[in-house]
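Visitor: just need the structure, nothing else, for what follows:
(one chain, ligands or ions: 1)
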Amino acid sequence: MGLTIRTLREADYQAFGDMIAAAFLADPSPSDAALERPLYDLDRVHGVFEGAELIGSAGAFVRTMAVPGAAPQPTAAVTSVGVKPGHRRRGVLTSLMRAQLHGLHDDGLEAVAALWASEGAIYGRYGYGLGAQFTDLRLPRGAAFHPGVDVGADRVREAPREEALPLARALYDRVAANRPGYLNRGAAEWEYHLADDESHRDGLSAYRFVLHPRGYAVYRVKNEWDDRGPRHELNVRELTAEDDQAYAALYRYLLDVDLTAELRYFTGSDDPVFHLLRNPRLARRSNRDSPWVRLVDLDRALTGRGYLSDVDVVLDVTDDFCPWNADRWRLTVKEGEAAVRRVTDEPDVTLDISALGAAFLGGTRLTTLARAQFVRERRPGAVRALSHAFLGETAPHCPEVF
Ligand SMILES: CC(=O)SCCNC(=O)CCNC(=O)[C@H](O)C(C)(C)COP(=O)(O)OP(=O)(O)OC[C@H]1O[C@@H](n2cnc3c(N)ncnc32)[C@H](O)[C@@H]1OP(=O)(O)O
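Guide: The predicted model follows:
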């Protein structure tokens, strides 16, 4: 039977939830389906049907994402990608990715798409590059800071969710725009991000909220007792602060919670807490990939971010999946202003669109990608100059999975 592809309608929502659950080897959850419904604009979820049966989907939330040196950019936050078991390796995902990326290009709203990949080998073929890495960080309770650390005198206190959430939201809005990789969050996104009924806790406690006048943290506790007593694990969901003193004060508080043995936090790869420690070797860190970034429209994406230095290079870009990007482009950054135009000049650098996606948030160096043979230099010095211009002041990080 032939396959058809179209965007979803309200009547498809239940089948969509059931199909995604089946794809992720989970059981359908009516409460999750209700929680997630406000997040979706079904016009932006593509479905593949075999006859009347929905067998695959790919959605995109409309969000903005902070980028280096410029205002946040509208970003397609790609989500709910799945194909039913039994229908795989017949090209369904490829047809979904094509419909989605070509649709985004036609709509002209978002020049960039980003996603969290379930498996690392899936999205490179569609022009996504590894845009950031996050760190699974573990610190032992009580780990001391170096003697120069100032945690200030402001009180850090715990507060009920109803009191803490509005303050956390306001604070997040103030800082997120300047943190590459952070997404804007409306009420529905906050509800989803901090969903706290039993099924979301994975055996851990309810969320606890910690407030500082210029920051907040949210954590859960995994209870564990052994023959030497309590060895609870404090799982930080989010720690956000407006300045370095508040940041250090919140970490100090979390590191000193009685009964715990270890703090665990999926944090940014350059989280400065490593340098706050008197003995940095106490930190155990392992890095993972995500989010992955895809330039939907190269010229709009590259002019929508800032650059660390001026540069003038001709890029020869390949893009098998979105052919409108495959061309020679001159990127000129002068006094912080970027211009991008199609040219026929000899190229300085040859690269695939996925390398530009990887470098877009300012965390993955193009010089590193050149050493990994994703980027080829045609004019000596061109990759170094381009790589420097792309760097951000901090490593990008996306503190939420979408
Ligand atoms: C943003 C997100 O939501 S990430 C979540 C992605 N979803 C999941 O992981 C749920 C479980 N998995 C699935 O639903 C499916 O296996 C999918 C969506 C990953 C792939 O769907 P399929 O329809 O089987 O993919 P399709 O047949 O179009 O494959 C396209 C290519 O990708 C490759 N591919 C597909 N899945 C994988 C994978 N998990 N790892 C490596 N390669 C893969 C295929 O081999 C094929 O390669 P080829 O073009 O060289 O032949």
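Visitor: for the stretch 1-150 of the chain, give me the ranges with low pLDDT.
Guide: 1 (pLDDT under 70).
Visitor: what are the ranges of the strands in it?
Guide: Along the stretch 1-150 of the chain, counting by DSSP state E, counting those that start in this stretch, strands occupy 3-7, 45-50, 53-67, 70-83, 112-115, 129-130, 133-140.
Visitor: tell me which of the ones you listed lies nearest to L366.
Guide: strand 129-130 (10.5 Å; Cβ to Cβ). (C-beta placed from N, C-alpha, C; glycine too.)
Visitor: burial of V45, as a residue count?
Guide: When neighbours are counted by other Cβ atoms under 10 Å, V45 registers 23.
Visitor: domains of the chain?
Guide: The chain breaks down by automatic domain parsing into domains covering 3-110, 134-287, 305-390.
Visitor: which one of the ones you listed lies nearest to the ligand?
Guide: Relative to the ligand, the nearest member of the domains of the chain by Cβ to the nearest ligand atom is domain 3-110, separated by 3.3 Å.
Visitor: after whatever helix or strand L263 lives in, which helix or strand is next? Please name it.
Guide: Here L263, judged by DSSP states H and E, is contained in strand 260-268. Per DSSP H and E, the first helix or strand lying C-terminal to strand 260-268 is helix 273-276.
Visitor: residue contacts, F209?
Guide: F209 makes contact with E158, A159, P160, R161, E163, A164, L165, A168, Y216, A217, V218, according to Cβ atoms under 8 Å, 6 or more residues apart in numbering.
Visitor: could I get the pLDDT score of the third one?
Guide: P160 carries a pLDDT value of 98.
Visitor: for the nearest residue in space to it that is not next to it in sequence, give me the pLDDT.
Guide: Among residues not flanking P160 along the chain, F209 sits closest, at 7.2 Å (Cβ to Cβ, 6 or more residues apart in numbering). Looking at F209, its pLDDT stands at 98.
Visitor: what bridges to V67?
Guide: A70 (DSSP bridges).
Visitor: can you count the residues close to it?
Guide: Using other Cβ under 10 Å, V67 has 25 neighbouring residues.
Visitor: residues in contact with it?
Guide: V67 is in contact with Q73, P180, G304, R305, G306, F360, L361, G362, counting by Cβ under 8 Å, 6+ apart.
Visitor: hmm, 6 Å instead?
Guide: Residues near V67 by Cβ atoms under 6 Å, 6 or more residues apart in numbering: Q73, P180, R305.
Visitor: now P38
Guide: Neighbour list for P38: A188 [criterion: Cβ under 6 Å, 6+ apart].
Visitor: tell me who's in contact with D154.
Guide: Counting by Cβ under 6 Å, 6+ apart, D154 makes contact with H212, P213.
Visitor: what helix or strand does it sit in?
Guide: Here D154 sits in a region with no helix or strand, counting by DSSP H and E.
Visitor: repeat that for the one 4 residues further on.
Guide: Following DSSP H and E, the helix or strand that holds E158 is strand 157-159.
Visitor: any residue of stretch 102-119 touching the ligand?
Guide: Yes: using Cβ under 6 Å from any ligand atom, stretch 102-119 reaches the ligand at L115, W116, A117, S118, E119.
Visitor: and L167, how many neighbours does it have?
Guide: L167 sits with 16 neighbouring residues when counted by other Cβ under 10 Å.
Visitor: ok, back up a step: from the residues of stretch 102-119 next to the ligand, which two are the most distant?
Guide: Maximum pairwise distance among the residues of stretch 102-119 next to the ligand (Cβ to Cβ): 11.8 Å, between L115 and E119.
Visitor: those two: who's more crowded?
Guide: Neighbour comparison, L115 and E119: the larger count goes to L115, with 24 against 6 (by other Cβ under 10 Å).
Visitor: next up, the contacts around A385.
Guide: Under the criterion of Cβ under 6 Å, 6+ apart, the neighbours of A385 are V311.
Visitor: can you classify it by secondary structure?
Guide: At A385 the chain is in helix, as set by DSSP: H, G, I helix; E, B strand; the rest coil.
Visitor: make residue 1 into 57 and carry on from there
Guide: Let's use 57 as the start, then, which means that last one is A441.
Visitor: bridging across strands, which residues link to A395?
Guide: Counting by DSSP bridges, A395 is bridged to T388.
Visitor: sorry, back to before: partner strands of the strand holding L319, parallel or antiparallel?
Guide: Here strand 316-324 has these sheet partners by DSSP bridges: strand 189-196 (antiparallel), strand 288-297 (parallel).
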